[in-house]
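A.B. asks: Give me a model of this one.
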Amino acid sequence: MTKSGSETTAATEAAGAGAGAGTGAGAGAEKLRLRLATAHDVPGVLAVMDGIVEWLVGLGRTAQWGTEPWSASEALVERVEGRIARGELRVAVTRQDEIAGVLSVAETASTYVRPADEPELFINLLATSRRFKGQDVGGLLIAEARSEAARRGLGLLRVDCFAGDDGRLTHWYASQGFTEVEPFVVQREGRPDWPGMLFALRVERAGEA
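C.D. replies: A predicted model of the protein is given here:
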């Protein structure tokens with residue numbers, strides 16, 4: 001996706017979850033492990049993102065992420081590298097260390113959505129490899145984000161996603177327990193506006209009943 005700012009969802013947006021996570025709880029997801037991404041993971045993360053872009057283009061869904069591969073965009077490559085360097089990006093990997101999903105979180109929200117009125121954890125990238133479609137990798141990544149928020153003592157988890165086309169992403173995040181907060185629009189010079197939806201989910205913190 002080549003819009004200003006948002007990547008979800010993207011994920012799900014998210015390379016959104018609805019664009020590749022699947023909704024079935026497959027056994028394959030149980031064999032994955034989550035770890036912090038390292039600089040060595042940059043090519044693998046970009047390959048996941050490129051695969052999702054290619055799939056969306058094949059469906060004619062170019063409004064979400066455009067048509068340019070992530071690996072061909074210097075800005076997007078630098079964004080992935082920066083999130084890895086800051087310790088924000090995690091990967092779900094197989095026993096052979098193949099990347100099945102990507103999750104990036106931070107304690108600051110994207111600049112184009114309304115700031116929260118309390119400390120939060122914000123999902124700024126959630127994507128799953130098309131090779132693992134139907135194995136609920138997206139659900140695994142959401143569970144990790146919730147756990148991370150709880151570990152940090154944060155009671156709010158938020159995410160934004162593309163809200164155009166058939167609304168697949170918005171429906172998926174709702175199925176994961178998120179509640180719609182409000183729609184928003186990212187205005188892009190020389191290109192159509194990008195419609196999005198902001199979601200929120202309450203997290204039970206350690207020590208809470």
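A.B. asks: so what pLDDT did the closest residue to M49 other than its chain neighbours get?
C.D. replies: Spatial nearest neighbour of M49, chain neighbours left out: W70 (3.9 Å); criterion: CB to CB, 6 or more residues apart in numbering. Where C-beta positions appear, they are placed from N, C-alpha and C, glycine not excepted. Reported pLDDT at W70 in the predicted model: 97.
A.B. asks: tell me the contacts of W70?
C.D. replies: Contacts for W70 were tallied using CB atoms under 8 Å, 6 or more residues apart in numbering; they are 46, 49-50, 53, 76-77, 80.
A.B. asks: Please repeat the previous calculation with a cut-off of 7 Å.
C.D. replies: W70 makes contacts with 46, 49-50, 53, 76, as judged by CB atoms under 7 Å, 6 or more residues apart in numbering.
A.B. asks: List the buried residues of whichever helix in the chain runs longest.
C.D. replies: Determined from DSSP state H, the single longest helix within the chain is helix 42-58. Residues of helix 42-58 classed as buried under the neighbour-count rule (16 or more other CB atoms under 10 Å) are 42, 44-53, 55-57.
A.B. asks: Okay, and the residue most central in space within the chain sits in which element?
C.D. replies: In the chain, the centroid-proximal residue (CA atoms, centre = their mean) is L126; its distance is 1.7 Å. According to DSSP states H and E, L126 maps onto strand 121-128.
A.B. asks: now that strand against helix 42-58, angle please.
C.D. replies: Orientation check (axes from the mean of the first three to the mean of the last three CA atoms, to 10 degrees): strand 121-128 against helix 42-58 gives 70 degrees.
A.B. asks: Run the chain-centre distance for the helix or strand just after strand 121-128.
C.D. replies: Using DSSP H and E, the next helix or strand after strand 121-128 towards the C-terminus is helix 137-151. Its chain's average C-alpha position is 11 Å from that of helix 137-151, according to CA atoms, centre = their mean, to the nearest Å.
A.B. asks: buried sites along helix 137-151?
C.D. replies: Buried residues in helix 137-151 (16+ other CB under 10 Å): 137-142, 144-146, 148-150.
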